[in-house]
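Trainee: quick one, structure for this:
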Amino acid sequence: MPKTTDDISPLEFLQLVAEPHRWRLLRELTRSDRRVAELTELLAEPQNLVSYHLGELRRAGLVSARRSSADGRDNYYRVEPQRCGELLSYAGGALQPGLRVGVLPPEPVMIRNRRAPRVLFLCTGNSSRSQMAEALIEHLSGHQIKARSAGSHPKPLHPNTVRVMAERGIDISGRRSKNLSRFAEARFDRVITLCDKVREVCPEFPGQPTTAHWSIADPAVEGVSDEETYPAFERTADDLENRIGLLIAQLIEVREEERRVS
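Mentor: Numbering: from 1, shown residues only. Next up, the predicted model:
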């Protein structure tokens, strides 16, 4: 059953996220999906302590886990931005109704007089997830962000990818899949892997771009026919849209910081 704000009081939520270890875990997971071993290293804390705090965050619905498609013995943990946004708004409104904030993702603001940020999205086939992400970030940013996508083993664009984007007003029917080797010498500000398998083989790119991993299941494997798999494509597009709203906000913040110091 989906969690609601009735599951946790505003004070319980604030006490939960105010604990230093849990706050650091949430901060790390807003940057990238992580395995427990990675979080243990980042926090420099023992695994049992990290696992305990992850369990507390999962019980509140702020964090979720997904079995790795590259190594079935491992889980990837991710933050749940919609749930976090709702509880932040709930806590603000409980203090004073005027402090209730809108639910994420925010509307993007203009990036003026700066080089457009460049983002590369990678998955295995470049037939669904990375193609959706490329199209969504350009559309949601008003084409202020330049995006590319590629795969380690490209295969033709899935018809449901075209269909789910068309329903969001984005035509990608003329796009083609590309091998990640095509961008081996290109420079990007962000490189984001969307597939657990491609993360394991992702090369280094020039200029030391900021990297992140979003552990998202391949929607094409959740049925036999295109019609059976379509709901999975819709869920994937919704997930990507939420994550990309946050990414746009992060990129804008970086550009604003650069503008202030220049």
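Trainee: which parts of the protein are strands?
Mentor: 63-67, 75-79, 118-123, 146-151, 190-193, 210-213 (DSSP state E).
Trainee: can I get those strands in JSON lines including mean pLDDT and distance to Tyr90?
Mentor: The way it works is simple: take the backbone N, C-alpha and C, and place the C-beta from them, glycine included. Output for these, formatted as JSON lines (pLDDT from 0 to 100; distance: least, C-beta to C-beta, whole Å):
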{"stretch": "strand 63-67", "mean pLDDT": "95", "distance to Tyr90": "17"}
{"stretch": "strand 75-79", "mean pLDDT": "96", "distance to Tyr90": "17"}
{"stretch": "strand 118-123", "mean pLDDT": "97", "distance to Tyr90": "32"}
{"stretch": "strand 146-151", "mean pLDDT": "96", "distance to Tyr90": "33"}
{"stretch": "strand 190-193", "mean pLDDT": "97", "distance to Tyr90": "30"}
{"stretch": "strand 210-213", "mean pLDDT": "96", "distance to Tyr90": "28"}
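Trainee: out of those strands, which gets nearest to Glu28?
Mentor: Closest of the strands of the chain to Glu28 is strand 75-79, at 8.9 Å (criterion: C-beta to C-beta).
Trainee: which helices and strands does the closest one pack with?
Mentor: Other helices and strands packing on strand 75-79, by 3 or more C-beta pairs under 8 Å, 6 or more residues apart in numbering; DSSP states H and E, are helix 20-31, helix 36-43, strand 63-67.
Trainee: out of the ones you listed, which is closest to Val224?
Mentor: Nearest of the helices and strands packed on strand 75-79 to Val224, taken as C-beta to C-beta: strand 63-67 at 21.5 Å.
Trainee: the closest one packs against which elements?
Mentor: helix 20-31, helix 47-59, strand 75-79.
Trainee: can I get these in a markdown table with distance to Asn126 and mean neighbour count?
Mentor: Output for the helices and strands packed on strand 63-67, formatted as a markdown table (distance: least, C-beta to C-beta, whole Å; neighbours: other C-beta atoms under 10 Å):
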| stretch | distance to Asn126 | mean neighbour count |
| --- | --- | --- |
| helix 20-31 | 24 | 17 |
| helix 47-59 | 32 | 15 |
| strand 75-79 | 20 | 22 |
